[in-house]
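S.K.: Here is the input, now give the coordinates:
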Amino acid sequence: MTSVFGWVATDAEQRRRMTGLVDQFRDSTTIDDLGLGGIRDAFADTLFPGTSTLHTRIRYALFVPWLMQLAADRRSSVSEMSAAFARSEFQLTTALLEGREVTGVIGRVAGADLKRTASVVYWGMLSSWGVISRGFTLRQYFERVLLRRMQARTQPRADDPEAVWELTPTGLHEGLPSAPPDLLTSTDFTLRPEDARFLRESITYSAPDSLLAHLVQNKPDGWTDRDSAPESFASPEVMRDLPLELHSEVDRAYRYSVAIHGANLLYNLVLASRTHRKRDDGSTYGEHYEAWIREWFDEARSVGLPDAEDLRRIWMMVTSTGRALSPSTRSFVEGWCAAVVDATSAEDLIHSQSLATRVANREQEKKGPRARLNPSNRQALDAWTGAAGTGRNTFRWGIVRDHLQDLYDAEAAS
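M.R.: As a prediction, the model looks like this:
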């Protein structure tokens, strides 16, 4: 039986939590037909903590707390603050459009029907980067603001004029730069120098050993604009000058991404063999994927496959991020890597019935009756478009690259 869950959206905070839970099961970088998304996401969270494929521009990490502050200002109850905050998220969309921003504006298309607001999308980033205390909710922030006001009114007068009474923290980072005065009338995604400085410091402090922290402090050589940005998180200009442990981690992630790409290509080859479908140029998809696997095999042999120690470290990383790692997942990845290492040529993989069966069994294990290779699900097989999950794992590099570009641009302008 297919598992389902649902909820009644009684308030904005509950909706935010549940939408975040749903997003944990999504990552649009590749389709996860072989059930390896947990490993992919563990790598992404380790290399680039706080990021998500739902993110658009990094300044939203400041927009959201600024809106929280504005909503709390001069309002006397949590309900009033919450209502003001909800309105301000839609006002921000209008302000960004007034500021001539188009790409990356959350709510530009959905308008008043927007369900996944900026605060929903970016709350994980705010917590991960220390912009707001971990575990805090929007309601708790508003409650803390009211508590601080009461403390400020009722604290006793000190005889010592230099005495400072400590108030309860609101949960927002005290070093957050001030919001621009025109935030809700006309704004854009351009970071001010103080914005970029705050974000760099927050990322470096909260995730000091990550690739993200290294890159916010060290721009790779030759990266001048979006067109010259490195194509890969493991490009030579990125790898250069990395600390030894981080270099090993990035290299391991890259070799894993190459290895698993081959498994996905073989999965598509099996689909092609079941459908006998032809491409627009008259060749079959089977021929297409056989040629692709041959090309991939040469690259995999050149790059190198994860060895036993690499895989042991990968399993430790996955579990350290709180993700489940089933014995069958470990067995599939280890078996695939061993098969590639043992192969004398790409033909050994292309024509291996045991590997084809292993791939088919893996998909059926993870997807059950929905599997394309399930004999009783011909409809799903016929719906195959010729490519499923053929994109290589990039661990959100495309999103991170845009965030870094915004930071680098602010640094260049200062």
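S.K.: so who does the residue minimising distance to the centre of the chain touch?
M.R.: Nearest residue to the geometric centre of the chain (Cα atoms, centre = their mean): residue 52, 2.4 Å. Residue 52 sits next to 23, 121, 124-125, 396, 399 when contact means Cβ atoms under 8 Å, 6 or more residues apart in numbering. Bear in mind the C-beta positions are built from the backbone N, C-alpha and C, glycine included.
S.K.: Secondary structure class of it, three-state.
M.R.: Assigned by DSSP: H, G, I helix; E, B strand; the rest coil, the conformation of residue 52 is coil.
S.K.: Look up phi and psi at it.
M.R.: phi -150, psi 150 (degrees, to the nearest 10).
S.K.: What distance do you get for it to residue 37?
M.R.: When distance is defined by Cβ to Cβ, to the nearest Å, residue 52 is 14 Å away from residue 37.
S.K.: is it true that residue 228 touches residue 219?
M.R.: No: counting by Cβ atoms under 8 Å, residue 228 does not reach residue 219; the two are 10.9 Å apart.
S.K.: neighbour count winner among those two?
M.R.: Higher neighbour count among residue 228 and residue 219: residue 219, with 16 against 11, using other Cβ atoms under 10 Å.
S.K.: Excluding covalently adjacent residues, which one is nearest to that one?
M.R.: residue 408 (5.4 Å; Cβ to Cβ, 6 or more residues apart in numbering).
S.K.: hang on, the earlier thing: as a markdown table, the contacts of residue 52 with secondary structure, pLDDT and distance to residue 260 would be great.
M.R.: Output for the contacts of residue 52, formatted as a markdown table (DSSP: H, G, I helix; E, B strand; the rest coil; pLDDT from 0 to 100; distance: Cβ to Cβ, whole Å):
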| residue | secondary structure | pLDDT | distance to residue 260 |
| --- | --- | --- | --- |
| 23 | helix | 42 | 22 |
| 121 | helix | 95 | 27 |
| 124 | helix | 96 | 25 |
| 125 | helix | 97 | 26 |
| 396 | coil | 97 | 16 |
| 399 | helix | 97 | 20 |
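S.K.: so which strand or helix has residue 286?
M.R.: Taking DSSP states H and E as the criterion, residue 286 maps to helix 285-303.
S.K.: Show me what that helix is in contact with.
M.R.: 254-255, 258-259, 261-262, 265-266, 268-269, 271-273, 275-279, 340, 343, 345-346, 349-350, 386.
S.K.: hmm, back to that, could the contacts of residue 52 go into CSV alongside distance to residue 89?
M.R.: Below are these laid out as CSV (distance: Cβ to Cβ, whole Å):
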residue, distance to residue 89
23, 17
121, 11
124, 17
125, 16
396, 24
399, 21
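S.K.: Quick one: buried ones out of those?
M.R.: Burial by neighbour count, 16 or more other Cβ atoms under 10 Å: within the contacts of residue 52 this picks out 23, 121, 124-125, 396, 399.
S.K.: Residues contacting the helix or strand hosting residue 381, please?
M.R.: Element membership of residue 381, judged by DSSP H and E, is helix 378-382. The contact list for helix 378-382 (Cβ under 8 Å, 6+ apart) reads 271, 274-275, 370-374.
S.K.: Select only the buried ones of the residues you listed in PyMOL?
M.R.: Buried residues among those (16+ other Cβ under 10 Å), as a PyMOL selection:
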select buried, resi 271+274+275+371+372+373+374
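S.K.: in the chain, which spans are strands?
M.R.: Using DSSP state E, no strands are found in the chain.
S.K.: Pop the domain breakdown of it in here.
M.R.: Per the record, the chain has its domains at 35-47+243-382, 60-158+166-231+398-413, by automatic domain parsing.
S.K.: got these as TSV, with distance to residue 391 columns?
M.R.: Converted to TSV, the domains of the chain look like this (distance: least, Cβ to Cβ, whole Å):
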stretch	distance to residue 391
domain 35-47+243-382	8
domain 60-158+166-231+398-413	11
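S.K.: Out of the ones you listed, which is closest to residue 237?
M.R.: domain 60-158+166-231+398-413 (4.0 Å; Cβ to Cβ).
S.K.: Quick one: end-to-end distance for that closest one.
M.R.: This stretch, domain 60-158+166-231+398-413, spans 20 Å end to end (Cα to Cα, to the nearest Å).
S.K.: With stretch 33-42 instead?
M.R.: By Cα to Cα, one end of stretch 33-42 lies 17 Å from the other end.
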